[in-house]
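In: take a look and give me a structure for this.
(one chain, ligands or ions: 1)
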Amino acid sequence: MLRTQVTEKLEDLSHNVSSEWINQRLNDCVEKIRSMIPRFEGQFPSACTTNMAYRVKNNDDWTNGFWTAMMWMSYQVTGDDKFKQQAQQQLISFQERLDKHFILDHHDIGFLYSLSAVAGYRVTGDYQSMIIQAADALLARFQEKGQFIQAWGKKGAPNEYRLIIDSLLNLPLLFEASKLSGNQQYAKVARAHYQQVIKHIVRQDYSTYHTFYYDPRTGTPLKGATAQGYSDDSCWARGQAWILLGMPLYKRFNPDMIEKGQYQHLLNYYFEHLGKDGIPYWDLIFDDSSHEPEDSSAAAIVACGLIEADQQQYQQDGIVYAKGILAALDRYRTISGQEGLLQHGVYAYSEGKGVDEANLWGDYFYMEALMRLTNLEWPTYW
Ligand code: GLY
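Out: The predicted structure follows:
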């Protein structure tokens, strides 16, 4: 791995991160979540905060699973049945959502159901049929022409004939379904889709496109484009973060895969384009002179990616750098009177959505990274 001032700084910072340090922060997360429950009971927090408070919403976004997963993690940390009951109650609405196919015309079925149903399965052994039902809904979005899972919109909508980088986090649901059912079709589709992502989303300089279009008539690969980044040619920070977690996760389900070299190039690109405090601006095109908002959520995702990469032998000392990132995020933690766990995230800059706010996935991945570090054997929800 390339050594830069930033990687040296992260290495230095990692020395602050003891077991006690981790446990203290994890307990702070649990208590913050506990304090939020009364306002959201029976419903869900919105995807991102407004003035550092979440809005109360139904189970109708791509982000609801993050909240449920934080219930499961809080239960695993404390053994307090209150968290388990919350998660179980929320799972009822996930089942209803699936049965009604309510706002599920997108690939984020993986984010939703890995973090609610697979998480529930890890903790209780239940929810197997919900996992398969959700995986079926995701499988149904596979486009034979082009061999990819369509990201957004009704299946086959001609202007939505594309995949997106975030999808890598939706593939574990398919591998889980194959494991549970013995039906290898889920895994086969996940593998076909993954090949398309790696082939077309990664640019020659190891930056990444956010989305990639295909010709709906022939399946011919057409062009990369952004949706949430600065421009089609720039590198959306969270996109790079998704691949830095998605690749080692894929390796977990496909142990024969060897993409260590490619992974390290992608990681180098990320590290070379960070601000000096080790947290990315919302697009990696920006540097410290830009005064653009940072995206703390991308950093939290990369921390999880580095732990997984270390475990999958993609990045030696990944855990050291993950600890450094968590230490760098220390001053981004929310303070009293604010909701969420991490300040200074960006959802969709060009839409003015969730800019310099907390968001549910930033909260979730921050807590996931802490959970992973308390016990490297902890079975994640992916
Ligand atoms: N998966 C959507 C996002 O990262 O904003």
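In: got the phi and psi for S18?
Out: Dihedral pair for S18: phi -100, psi 170, per degrees, to the nearest 10.
In: what does N183 give?
Out: With angles defined as degrees, to the nearest 10, N183 sits at phi -90, psi 110.
In: mind listing what it touches?
Out: A177 (CB atoms under 8 Å, 6 or more residues apart in numbering). All C-beta atoms are positioned from the backbone trio N, CA, C, and that covers glycine.
In: kindly report the same for Y161.
Out: Each residue near Y161 by CB under 8 Å, 6+ apart is listed here: Q143, G146, Q150, Y213, Y214, D215, P216.
In: hey, what's the fifth one bridged with?
Out: Going by DSSP bridges, Y214 is paired in beta bridges with P221.
In: pretty sure it contacts I149?
Out: No. Contact between Y214 and I149 fails when scored by CB atoms under 8 Å: they sit 11.6 Å apart.
In: give me the common contacts of those two.
Out: Listed as contacting both Y214 and I149 by CB under 8 Å, 6+ apart are Q143, L163.
In: which one of those two is surrounded by more residues?
Out: Ranked by neighbour count (other CB atoms under 10 Å), Y214 and I149 place I149 first, with 28 against 22.
In: roughly how far apart are that one and the ligand?
Out: Going from I149 to the ligand by CB to the nearest ligand atom, to the nearest Å gives 14 Å.
In: again, but for P293
Out: 14 Å.
In: quick one: secondary structure of L98?
Out: Under the three-state scheme (DSSP: H, G, I helix; E, B strand; the rest coil), the conformation of L98 reads as helix.
In: okay, L2: pLDDT?
Out: pLDDT for L2: 83.
In: one more: the one 10 residues further on?
Out: The predicted structure scores D12 at 97 on the pLDDT scale.
In: repeat that for L138.
Out: 98.
In: same thing with the one 5 residues further on?
Out: With respect to pLDDT, Q143 has a value of 98.
In: so G354 touches Y54, yeah?
Out: No. With contact defined as CB under 8 Å, G354 does not count as touching Y54 (10.5 Å).
In: what sits in contact with each of these two?
Out: Common neighbours of G354 and Y54, using CB under 8 Å, 6+ apart, are C48.
In: next, the buried residues of the top strand by length along the chain.
Out: In the chain, taking DSSP state E as the definition, the longest strand is strand 44-50. In terms of neighbour count (16 or more other CB atoms under 10 Å), strand 44-50 has its buried residues at F44, P45, S46, A47, C48, T49.
In: possible to save the residues you listed as TSV with pLDDT and distance to F253?
Out: Below are the buried residues of strand 44-50 laid out as TSV (pLDDT from 0 to 100; distance: CB to CB, whole Å):
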residue	pLDDT	distance to F253
F44	98	29
P45	99	30
S46	98	32
A47	98	27
C48	98	30
T49	98	34
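In: and which of those residues is nearest the ligand?
Out: Proximity of the buried residues of strand 44-50 to the ligand (CB to the nearest ligand atom) peaks at A47, which lies at 8.1 Å.
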